[in-house]
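1. Sequence below, structure please.
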Amino acid sequence: MKASMNIVRLISSFREKDSYSIRLGDALIDKLKKENPVQLVEKNFTLDPPPYLQQQHIQAFATPIDQLSDEQKLARAYSDQAIEELLAADVLIVEVPMYNFTIPATLKSWIDQIARSGITFRYTEKGAIGLLQNKKVYLIIASGGVYSDKEMQAFDFTESYLKYVFQFMGITDIVTYRVEGTAIPELKNQAWQKALKQLEEKPEFTFTM
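-> The predicted model follows:
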């Protein structure tokens with residue numbers, strides 16, 4: 001009997017059933033379920049947005065556990081739970097609508113809550129070292145324009161940022177799927193089928209224990 005694949009799914013689009021990133025995320029999960037049993041943790045940032053990083057969080061992160069006040073325990077509760085989910089995950093599916101050339105604020109807030117020195121990365125004399133190992137990230141990026149073309153790649157701060165921040169934390173196995181051109185009349189009708197075709201062409205995740 002195969003062990004379950006632990007998946008954390010991050011939803012950051014507010015368009016619900018009309019969201020291309022959510023629809024492609026559904027298709028990817030269906031594909032993964034055909035290969036392995038799946039345990040799924042779903043985080044919908046529209047329904048439950050992560051707290052914006054503030055001074056109270058920074059102070060709580062820097063305080064030893066045995067010295068935390070009740071207020072500090074509350075301040076770091078979201079971060080602790082999010083990191084626990086991330087550490088237990090084999091796969092992270094990040095569904096991202098491109099807003100103004102970059103990621104939604106809610107997704108950035110989640111990253112701010114889980115990027116913690118000493119837990120997901122640490123600094124050494126030789127620089128930063130990522131502490132998240134043996135995980136795979138699927139980036140699902142939806143955009144009205146086409147940013148995979150060389151002419152527009154310089155204006156895409158979505159994929160480049162997400163790849164760097166996950167690599168910074170130690171995750172180097174990253175695959176990107178795109179649904180793009182959905183706001184361009186001559187491309188809109190083909191955008192979804194082109195996105196689904198990527199699921200067939202790109203390598204699948206092989207899960208082993």
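
2. Which SSE is immediately downstream of the helix or strand bottoming out on mean pLDDT in the chain?
-> Between all helices and strands in the chain, the lowest mean by mean pLDDT, DSSP states H and E belongs to helix 150-153, at a mean of 85. As assigned by DSSP states H and E, the chain's next helix or strand after helix 150-153 is helix 159-168.

3. And that following helix, how far out from the chain middle?
-> 10 Å (Cα atoms, centre = their mean, to the nearest Å).

4. What strands line up against the next helix or strand after that helix, and which way round?
-> Going down the chain from helix 159-168, the next helix or strand is strand 173-180, by DSSP H and E. As defined by DSSP bridges, the strand partners of strand 173-180 come to strand 136-143 (parallel).

5. Restricting the selection to alpha carbons, write the least confident helix or strand of the chain to PDB.
-> The C-alpha trace of helix 150-153 is given here as PDB (Å, rounded to 0.1, in the frame of the first residue of the first chain):
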ATOM      1  CA  LYS A 150      10.800  37.000 -24.000                       C
ATOM      2  CA  GLU A 151       9.400  40.500 -24.600                       C
ATOM      3  CA  MET A 152       7.300  40.400 -21.400                       C
ATOM      4  CA  GLN A 153       9.400  38.200 -19.100                       C
END
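
6. Run a quick check on Q133 versus D173, I expect a contact.
-> No - counting by Cβ atoms under 8 Å, Q133 sits too far from D173 to count as a contact (10.2 Å). Any C-beta I mention is one placed from the backbone N, CA and C, and that applies to glycine too.

7. Please identify which of those two sits among more neighbours.
-> D173 (13 against 10; other Cβ atoms under 10 Å).

8. Give the full set of residues in contact with the closest residue to that one other than its chain neighbours.
-> Nearest residue to D173 in three dimensions, chain neighbours excluded: K136, at 4.5 Å (Cβ to Cβ, 6 or more residues apart in numbering). By Cβ atoms under 8 Å, 6 or more residues apart in numbering, K136 lies in contact with 90-92, 171, 173-175, 205.

9. any chance you could map the strands in this protein?
-> In the chain, the strands defined using DSSP state E lie at 5-11, 38-44, 91-97, 121-124, 127-130, 136-143, 173-180.

10. which other residues reach the second one?
-> What it means is strand 38-44. 4-11, 29, 32, 82, 85, 89, 110.

11. Tell me the pLDDT of the residue of the chain most remote from its centre.
-> Note on the chain: the largest C-alpha distance from the chain mean falls to Q67, namely 31.7 Å (Cα atoms, centre = their mean). As predicted, Q67 sits at a pLDDT of 97.

12. what are the bridge partners for Y99, then?
-> Beta-bridge pairing for Y99 (DSSP bridges): T102.

13. burial of it, as a residue count?
-> Neighbour tally, Y99, other Cβ under 10 Å: 15.
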